[in-house]
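[1] coords please:
(one chain, ligands or ions: 2)
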Amino acid sequence: MAGEFGDIVRGFSSKASPLVTGLLEADSRAVPAGLKQQGNYLPPSRQIPLSRYYDPAFAELEKEKLWKKTWQYACREEDIPEVGDRYKYDVGTLSWFIVRSGPGEIRAFNNSCLHRGTQLCSSNGWSESIRCPFHAWEWKLDGSLKNIPSRWDFPQVKTEEFKLPEARVATWGGFVFINPDPDAAPLENYLGVMPDHFKSWEPENRFTAFHIRKRVRANWKITMEAFLESYHVVETHTESLGFTGDASTQYDIWEQGDAHISRLITPLATPSPHLGDGASIAEAANYAFQAFALAMPGVPVPSFDVDSKLSGRAQVAEWRRQMMGAGLARDFSSWPDVTMIDSVEYHMFPNFCPWYGEGLPLVYQFLPYGDDPNQSVMSVRLTAPLPGGGAPRPPSAPIREIGFDELFNSAPEIGLLAVIFDQDMSNLPRIQSGLRAASDTRAVATFGRYQEQRILHFHEVLEKTLGL
Ligand code: FES
Ligand SMILES: [Fe+2]
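    Ligands and ions are numbered 1, 2, ... in the order given. Have a look, this model is predicted:
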């Protein structure tokens, strides 16, 4: 069974696994309007040349017209809690560092010394001032010049002209964004529906429970696109079909001026429509109980109760409300099933993917790595709700770096997710190699009209941004 949108089929469902709209109607709680809101745009079908994933000239164009001109998520406010804390943010060969320059004030500076260009910040950390390790030129945290050793030898240097160049900084939901373009419209214009949709979930009242940075042998767009659709689940993550509504995933796009936002909602605790009308709802609930229990060691794992008035999804959601409520001394009783268990991922152009809800509360960021367009870095954070009962805000987890040839599995803190990420990662270098070997007569990507619409949309906006 399929939902229609003009001549476009909007996902695929079964008797056992309805489309997302049906699941939201059956939610045991009131569902926020933002989750019920559907997109206002569907990009036209077309093919994308594969060369843009490896051509150095295309990467250079992205550097000049995209990364130097756009609002981009750099870090979270909790990464730099104290005045003097800094966070290094690299985009390919571009580099900035974000500094807590005063209480309630954040600045972003080009990571390059005004003397002879040395990188000013080589790692995250704290210091009282910004000091170059080569000859010790020094700036205050607000970027004004503080000291030049042998000042007598630089009569041409006027102190007021040697402030560190800055990118613009803005925040939303605990996220810190920068934009190197002084003429860009404000961040609010770019966030579109997100502030409204995330409001009740309060992304600002969360902390980073783990933070992984994985280097990948694939272009940043290839890496990102692998996480914008659930079409690959049936082949790449086959063992999750018992409890994942992969083909019934809902995709939405909102085009509003400067804001280019998309979203997917993949329902959990429901069987894949690929398993047919007779797939077991009880099994779907039981798999979901077990999957969520892996993130809560020591918690007893229930199983589907045939006598309960609640659906399988509602049973899993109710158990999560109680377990999370007890663990965090907070009240989740009014939170809808969709917020407690489903996978809801937003994308803000060009590379920011904040997930909504407790099902998978992740944040993705995809960036070029170094000067090779065949490499990228993917950052994955899990943000957890702040504990209640007056407990202090837990500190942000340090970053764990995972190299090109290392597995997510080497990061014990991410549990079962490591298996899923490593399945995704195993595809990426193969994609990068394969697309470079394409026949000249067929060197294009062809996208599904519904399930891959977010990727099509991304390329449409990218081409406009690059002036192609
Ligand atoms: S290059 Fe920075 S002080 Fe000389
Ligand atoms: Fe995946």
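
[2] report the buried residues of stretch 283-296.
    Residues of stretch 283-296 classed as buried by neighbour count (16 or more other C-beta atoms under 10 Å): Glu283, Ala284, Ala285, Asn286, Tyr287, Ala288, Phe289, Ala291, Phe292, Ala293. Every residue, glycine included, has its C-beta placed from N, CA and C.

[3] what's the second one in contact with, if anything?
    In this structure, Ala284 makes contact with Ala16, Ser17, Gly242, Phe243, Ala269, Thr270, Pro271, Gly312, judged by C-beta atoms under 8 Å, 6 or more residues apart in numbering.

[4] if you set the cut-off to 6 Å instead, what comes out?
    Neighbouring residues of Ala284 by C-beta atoms under 6 Å, 6 or more residues apart in numbering: Phe243, Ala269, Thr270, Pro271, Gly312.

[5] mind checking which of those are in strands?
    Per DSSP state E, strands hold no members of those.

[6] Phe162: neighbour count?
    Counted with other C-beta atoms under 10 Å, residues neighbouring Phe162 total 16.

[7] actually Thr441, not the one I wrote
    6.

[8] please apply the same query to Phe227.
    If we define neighbours as other C-beta under 10 Å, then Phe227 has 20 of them.

[9] could you pull out the helices in the stretch 351-468 of the chain for me?
    For the stretch 351-468 of the chain, the helices defined by DSSP state H, counting those that start in this stretch occupy 417-436, 453-466.

[10] now the phi/psi pair for Ser101, please.
    Note on Ser101: its backbone torsions stand at phi -90, psi -10 [degrees, to the nearest 10].

[11] contact partners for it?
    Counting by C-beta under 6 Å, 6+ apart, the residues that Ser101 touches are Arg107, Leu141, Asp142.

[12] flag every buried residue along stretch 133-152.
    Trp137, Glu138, Trp139, Leu141, Gly143, Leu145, Lys146, Ile148.

[13] find the nearest non-adjacent residue to the third one, please.
    Nearest non-adjacent residue to Trp139, counting by C-beta to C-beta, 6 or more residues apart in numbering: Ile130, 4.3 Å away.

[14] and the one you found, how close does it get to Glu229?
    42 Å (C-beta to C-beta, to the nearest Å).

[15] please apply the same query to Phe292.
    Distance, Phe292 to Glu229, using C-beta to C-beta: 23 Å.

[16] same deal with Glu64?
    29 Å.

[17] more crowded one of these two?
    Each of Glu64 and Glu229 has its neighbours counted (other C-beta under 10 Å); Glu229 has more, 21 against 10.

[18] hmm, back to that, just put the buried residues of stretch 283-296 in JSON lines and tack on pLDDT, secondary structure and distance to ligand 1.
    What follows is those, written out as JSON lines (pLDDT from 0 to 100; DSSP: H, G, I helix; E, B strand; the rest coil; distance: C-beta to the nearest ligand atom, whole Å):
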{"residue": "Glu283", "pLDDT": "97", "secondary structure": "helix", "distance to ligand 1": "63"}
{"residue": "Ala284", "pLDDT": "98", "secondary structure": "helix", "distance to ligand 1": "59"}
{"residue": "Ala285", "pLDDT": "98", "secondary structure": "helix", "distance to ligand 1": "60"}
{"residue": "Asn286", "pLDDT": "98", "secondary structure": "helix", "distance to ligand 1": "61"}
{"residue": "Tyr287", "pLDDT": "97", "secondary structure": "helix", "distance to ligand 1": "57"}
{"residue": "Ala288", "pLDDT": "97", "secondary structure": "helix", "distance to ligand 1": "55"}
{"residue": "Phe289", "pLDDT": "97", "secondary structure": "helix", "distance to ligand 1": "57"}
{"residue": "Ala291", "pLDDT": "93", "secondary structure": "helix", "distance to ligand 1": "51"}
{"residue": "Phe292", "pLDDT": "94", "secondary structure": "helix", "distance to ligand 1": "51"}
{"residue": "Ala293", "pLDDT": "92", "secondary structure": "helix", "distance to ligand 1": "53"}
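
[19] out of these, which is nearest to Ala329?
    Phe292 (19.3 Å; C-beta to C-beta).

[20] list the contacts for Phe177?
    Counted by C-beta under 6 Å, 6+ apart, Phe177 has contacts Trp71, Tyr73, Ala170, Leu187.

[21] out of those, who's the most crowded?
    Busiest of those [other C-beta under 10 Å] is Trp71, holding 26 neighbours.

[22] so who does that residue touch?
    For Trp71, counting by C-beta under 6 Å, 6+ apart, the contacting residues are Phe177, Asn179, Leu187, Tyr190.

[23] among those residues, which are in helices?
    Tyr190 (DSSP state H).

[24] which parts of the stretch 51-200 of the chain sit against ligand 1?
    Neighbours of ligand 1 within the stretch 51-200 of the chain, by C-beta under 6 Å from any ligand atom: Cys113, His115, Arg116, Thr118, Cys132, Phe134, His135, Trp137.

[25] my read: the fourth one touches Phe134, true?
    Pointing back at Thr118 there. Yes - between Thr118 and Phe134 there is a contact under C-beta atoms under 6 Å: 4.5 Å.

[26] returning to that earlier point: what about the buried residues of stretch 133-152, which are in helices?
    Per DSSP H, those never map to helices.

[27] still on that earlier bit, right, and the helices of the stretch 351-468 of the chain - which one's nearest ligand 1?
    helix 453-466 (33.1 Å; C-beta to the nearest ligand atom).

[28] same list, the helices of the stretch 351-468 of the chain, but as CSV with mean pLDDT please.
    Formatted as CSV, the helices of the stretch 351-468 of the chain follow (pLDDT from 0 to 100):
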stretch, mean pLDDT
helix 417-436, 97
helix 453-466, 98
